[in-house]
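S.K.: Provided below are the primary sequence and the corresponding predicted coordinates.
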Amino acid sequence: MLIMNATSNFPSGLPIVANDEPKPGLLGLFSQQPLEAFGRGQTICRDGNPAMHVFKIVAGMVRVSKILSDGSRVITGLFYPGEIFGLGPDEHYLGDAEAVGDVKLRRLNRSRFQQAVDSSEQLRPQFVNWLCQEMASAQARMVLLARKKAEERVCDLLLTLARRAGNEHGPATEIEIPISRVDMADYLGLTIETVSRTMTNLIKRGVIQSIARYRFTIRKPALLRSLADGGDEYDDLHDVPPGRQAMRAH
């Protein structure tokens, strides 16, 4: 999929906002930095440029992508409010970071960030924990791209959005998909036709319901979880048809 297609048909700015109150820990390092705004499609940093800053997202979503030798694009990461991006194993950015819709963020000089972590007994374990989470996320993404089928990949992304929109009581049942079908395809390693067909099938089967252009209700969360894991069975009695509840009881 060519990069020239990547900026078309984006949703408008969505109210994805994190709590930006000053707080202790890694995120607290950004609290005194000025708030910056980026419009839809604007570039925040470029692949290969010196990594001078670390970024904390306050509102909106950021995608990080790389252009391959054949001109196609791969989205390597999606970052949400309250998350940090811009760190890498070397001193250069690993991809183009662009705003999906309207984005607000704060940036901190990378050397200041590293000095603060190195000099703090409180921040060092938090930073190690953050690195472990990043590694776990990368491993899960490797499994998704290497082993999962198209429907499993799409369902996995929908579950991720539900968890992001949820709270301590569990994932949300109403979600917004703040990225275009092109972005979904480039993130999941699929074609836009496959993504669109899969979404249509999920709607037809009653797994999700479209309630606005970019907003959906998850009608059968248990089935969505099962499909994301490669199954096609219900694992929640609330989603089991009456005839099958009796069978399960035995």
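M.R.: Alright, I've got the coordinates.

S.K.: Distance check, the residue nearest the centre of the chain against residue 99.
M.R.: In the chain, the C-alpha closest to the average C-alpha coordinate belongs to residue 78, at a distance of 4.0 Å (C-alpha atoms, centre = their mean). Relative to residue 99, residue 78 is positioned 12 Å away (C-beta to C-beta, to the nearest Å). All C-beta spots, glycine's among them, are computed from the backbone N, C-alpha and C.

S.K.: what's the overlap in contacts for those two?
M.R.: When contacts are counted by C-beta atoms under 8 Å, 6 or more residues apart in numbering, the set common to residue 78 and residue 99 consists of 61-62.

S.K.: Which positions in the helix or strand hosting residue 117 come out as buried?
M.R.: Per DSSP states H and E: residue 117 is located in helix 110-118. If you call a residue buried by 16 or more other C-beta atoms under 10 Å, then helix 110-118 has these buried ones: 110, 113, 117.

S.K.: could you dump those residues to TSV with pLDDT and distance to residue 161?
M.R.: Output for the buried residues of helix 110-118, formatted as TSV (pLDDT from 0 to 100; distance: C-beta to C-beta, whole Å):
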residue	pLDDT	distance to residue 161
110	94	30
113	94	28
117	94	30
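
S.K.: Please identify the helix or strand for the residue nearest to the centre of the chain.
M.R.: Taking DSSP H and E as the definition, one finds residue 78 inside strand 73-79.

S.K.: do the same with residue 129
M.R.: With the criterion set as DSSP H and E, the secondary-structure element containing residue 129 is helix 123-147.

S.K.: Would you pull up how far stretch 51-68 lies from the middle of the chain?
M.R.: What separates the centre of stretch 51-68 from the centre of its chain is 12 Å, taken as C-alpha atoms, centre = their mean, to the nearest Å.

S.K.: mean confidence for that stretch?
M.R.: For stretch 51-68, the per-residue pLDDT values average out at 95.

S.K.: residues of that stretch that come out buried?
M.R.: 51, 53-65.

S.K.: what's the closest of those residues to residue 34?
M.R.: residue 58 (11.2 Å; C-beta to C-beta).

S.K.: Just give the nearest non-adjacent residue to the closest one, would you?
M.R.: Distances taken as C-beta to C-beta, 6 or more residues apart in numbering put residue 104 closest to residue 58, at 4.4 Å, once the chain neighbours are dropped.

S.K.: For the chain, which segments are assigned as helices?
M.R.: Taking DSSP state H as the test, the helices found in the chain are 110-118, 123-147, 150-165, 181-188, 192-204, 221-228, 242-249.

S.K.: can you state the direction angle for the longest one and strand 73-79?
M.R.: Spelled out, that is helix 123-147. What separates the directions of helix 123-147 and strand 73-79 is an angle of 140 degrees, with axes from the mean of the first three to the mean of the last three C-alpha atoms, to 10 degrees.

S.K.: The fourth one too?
M.R.: Between helix 181-188 and strand 73-79, the angle comes out at 90 degrees (the same axes, to 10 degrees).

S.K.: Just the CA trace of helix 181-188, in PDB.
M.R.: Included here for helix 181-188 are C-alpha records, laid out as PDB according to Å, rounded to 0.1, in the frame of the first residue of the first chain:
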ATOM      1  CA  ARG A 181      -9.200   1.600   6.900                       C
ATOM      2  CA  VAL A 182      -5.900   2.300   5.200                       C
ATOM      3  CA  ASP A 183      -4.200   2.700   8.600                       C
ATOM      4  CA  MET A 184      -5.800  -0.400   9.900                       C
ATOM      5  CA  ALA A 185      -4.500  -2.300   6.900                       C
ATOM      6  CA  ASP A 186      -1.000  -1.000   7.200                       C
ATOM      7  CA  TYR A 187      -0.900  -1.700  10.900                       C
ATOM      8  CA  LEU A 188      -2.300  -5.200  10.600                       C
END
